[in-house]
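> how would this look folded up:
(one chain, ligands or ions: 1)
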Amino acid sequence: MPWCCIGSSSSSTPPISADALLPLGNQENTQPGLPHQAKTPAKTAILVTTGGDGLFIDRLRSTNWTVDSVSPSSVEALLARSRPLLILLDSRTEDLPALAKSIRSMVEDESLLTVISDRSISEKRRRSLAKANIVHFVSWNSRDTSLIEYVARLNARLRILPALYTALDEVDEAIEVCDDSHTVAYVNSAYERLTGCVRSQVIGQPDSEIRRKSLPSSFGGRRNCDWSCLRVSTANASFSGHCVYLRRRVSDGFSNHDQHFAGGQMHRDLSLKSIRSQGGGLVDAPISEVLSLLREASVLCEGGDAAKYIKDAVRLLSSQEIYAPSITRFRDGDRIATQYYDGLIRLQQPGRQRKRSVVDAYRDKRSCSDARRRVSGEVRQALENEHLWSFDVLQLERVSEHHALSQLALKLFGRWKVCEMLQCPEDTMTRWLLSIEAHYHPVNAYHNASHAADVLQATSFFLDAPSVATYVVESHAAASLIAATIHDLDHPGRGNAFLINTRQSLSILYNDLSVLENHHVALAFQLTLQASNNINILANLPREEFAAMRSCIVEMVLATDIRRHFEYLAKFNQMELTDERESEREAHSITICNMLLKCADISNPAREWGLCERWAHRIVQEYFEQTREEKEKALPVTMAFFDRETCNVPLTQVGFVDMFAREAFSCWTQFARLPHVLKQLESNYERWRSMADAWTPAHNNSLLS
Ligand SMILES: Nc1nc2c(ncn2[C@@H]2O[C@@H]3COP(=O)(O)O[C@H]3[C@H]2O)c(=O)[nH]1
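Take a look at the predicted model:
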């Protein structure tokens, strides 16, 4: 590794290795061993004077300086076409400070401005000249040009910087330069392109091996990252100097063109998905970036076993459903996982149309009961530990006569100051809550207002977690509480697959896409905005705030579609929280809230065992009803193992945790720092597993409610 001598520079520009530049100066300064003895750069100076000469000028000329005299009136024209290293200003020039300021504005730091005088300069005059950044003074009769020589050498090096930057920004290798205080001083364009980091976010940050290691692995490398460090140092080798971190391309002897050509097969395989903008131009989605990076990687690994893996990755990423897992993701032949997959993710293909479905039969309008509800002592007591994971919503359901949702929401919305955030009167909120509660179906064993209350309490509990509160913006917290309250509104007790297979009007309306989730949130806004209902809790929000609040609520409710579980999980896991840009902060907050609501929605397997067991029994009873109706009407049976005649309930719970809950809660509880929730999930899981062998279908007739 060649050691290059390098100066240290405090500016954010990297120092230039002296070896890389030809030395400035006369012949005796030419350094032996340089690649070639080219002509040294000219040492040019101008003398701005109306007439003057002296020993100092002679000295300069005798050391290879070219010194041209120029009148004050023509200096600016000269500087418009040249950049002398040195500008000598005769102290007798009229209005010198103004001229100095004008010259400084033209040359900035590219030239050294020095006042030459036949007498000492007063302190007052120095101060006025200092305003033009003139801090160097020499005498006409001086023969000491050492400082001039030194500064000129520095200037000559600095002048090549723009060209070096251009060159560095053109290379394919990612380059990071850290200065002697181990602070990042420079990164090139390739670094930004290949790592996704933004220059302004990295420069000034401490040098971090961890950051480099966390960056996408380099091409061809087997290691996390193959950054090589060019440790450079000043003349005194013991001094650490700068570090240049370089992520090299693995050269395989191909020229750039050949490499791309060799990757031709890769190009064809990629068939990059590009969204054509209206103008017919290519607007590539991020996935295309990933695919092009993989293409480059495959070129570098051509012929190696890595290329095969990369091609497989490209094929997967090029598929339509990059987040929906193929069933092979789970244990082969796992009957339960397969049926969960079919029933909740793949959704059964439409079957034959039969007579009206149960969904229509359930649709009845319930009147809102009286606007305010008396809070009994029992209700108040049941609400006491609403801030704990052990909160018993089924106890509240009991003592509130199935008004757990409205009673819990009144308390939680008060604690989270939702009415204040919405500038909404409390009585409007009360009416809204009672109306929403009334549009859940109490006949549903699981998807009723108590499930919404359960999800609302889990949402509040998660929002209380300190690490969550750090990243969730206030309006999104309010949105998530509202979204939890409405997230299964008017649920018919049947899943999306059933609605699609029976070609319910809702599935036609929403094109079979997140049918129920779209309905829940659309109906909630229809009820809220219906003037005659007088329950518009969003009425006092300014237009922009309403739009933002609505957008968040819609997005969060749609995120509860279990079919998109892996998509939201992936988005949450790939979130880069170190990127603190304000624009990213909002996006991070939404991603966190989507994941939060998702986890709240499937949190019953992680509740205290008594609650977990009862919720499980409730949901399987609802599934039993769906399977019964599907069989009765000769519809495709979407989850056959949920058949009362044959079901092993503990096994269905084991399957649900294996397929959905464990991964989600492992990620979520790590982020939210709620280890006890994951511990409870695993404890419940083991308990279900221990119950599976002894379970018989007879148990399915005495399930808990
Ligand atoms: N088997 C099982 N499925 C669950 C459980 N909790 C949530 N789910 C499923 O996860 C889905 C989340 O969205 P839905 O509420 O629409 O329907 C839910 C059920 O299909 C559970 O405890 N057991």
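> and the helix or strand containing residue 152, what's buried?
Secondary structure assignment for residue 152, by DSSP states H and E: helix 146-159. Neighbour-count burial for helix 146-159, counted by 16 or more other C-beta atoms under 10 Å, picks out 148, 149, 151, 152, 153, 154, 155, 156, 157, 158, 159. The C-beta positions use only the backbone N, C-alpha and C, and glycine is treated the same way.
> can you mark which positions in the longest helix seen in the chain are buried?
Ranked by residue count, the top helix of the chain under DSSP state H comes out as helix 609-632. By neighbour count on 16+ other C-beta under 10 Å, the buried set for helix 609-632 is 611-630.
> how near is residue 541 to residue 422?
6 Å (C-beta to C-beta, to the nearest Å).
> which of those two has more neighbours?
A count of neighbours by other C-beta atoms under 10 Å puts residue 422 above the other of residue 541 and residue 422, at 23 against 19.
> show me what contacts the more buried one?
Contacts here follow C-beta atoms under 8 Å, 6 or more residues apart in numbering; on that basis residue 422 touches 429, 478, 537, 538, 540, 541, 549.
> could you redo the last one with a cut-off of 7 Å?
Listed by C-beta atoms under 7 Å, 6 or more residues apart in numbering, the contact set of residue 422 reads 478, 537, 538, 540, 541.
> is it true that residue 549 touches residue 538?
Yes - using C-beta atoms under 7 Å, residue 549 is in contact with residue 538, at 6.4 Å.
> the residue nearest to residue 411 when sequence neighbours are not counted: neighbour count?
Leaving aside its sequence neighbours, residue 411 sits nearest to residue 383 (C-beta to C-beta, 6 or more residues apart in numbering; 5.2 Å). Using other C-beta under 10 Å, the number of residues around residue 383 comes to 22.
> how near is residue 653 to the ligand?
Note on residue 653: its distance to the ligand, by C-beta to the nearest ligand atom, to the nearest Å, is 6 Å.
> so what touches the helix or strand hosting that residue?
Applying DSSP H and E as the criterion places residue 653 in helix 649-656. For helix 649-656, the external contacting residues (C-beta under 7 Å, 6+ apart) are 336-337, 340, 605, 616-617, 620, 641-642, 685, 688-689, 691-692, 695, 699-700.
> filter those down to the ones near the ligand?
By C-beta under 6 Å from any ligand atom, the members of those lying near the ligand are 605, 616.
> buried ones among the contacts of helix 649-656?
Buried, going by 16+ other C-beta under 10 Å: 336-337, 340, 605, 616-617, 620, 641-642, 685, 688, 691, 695, 700, out of these.
> just the ones of those residues in strands?
Counted as lying in strands by DSSP state E, out of the buried ones among the contacts of helix 649-656, is not a single one.
> quick check: angle from the helix holding residue 653 to helix 609-632?
100 degrees (axes from the mean of the first three to the mean of the last three C-alpha atoms, to 10 degrees).
> what packs against the helix or strand following helix 649-656?
Downstream of helix 649-656, the first helix or strand assigned by DSSP H and E is helix 662-672. When contacts are defined as 3 or more C-beta pairs under 7 Å, 6 or more residues apart in numbering; DSSP states H and E, helix 662-672 packs onto helix 466-471, helix 565-573, helix 582-601, helix 675-692.
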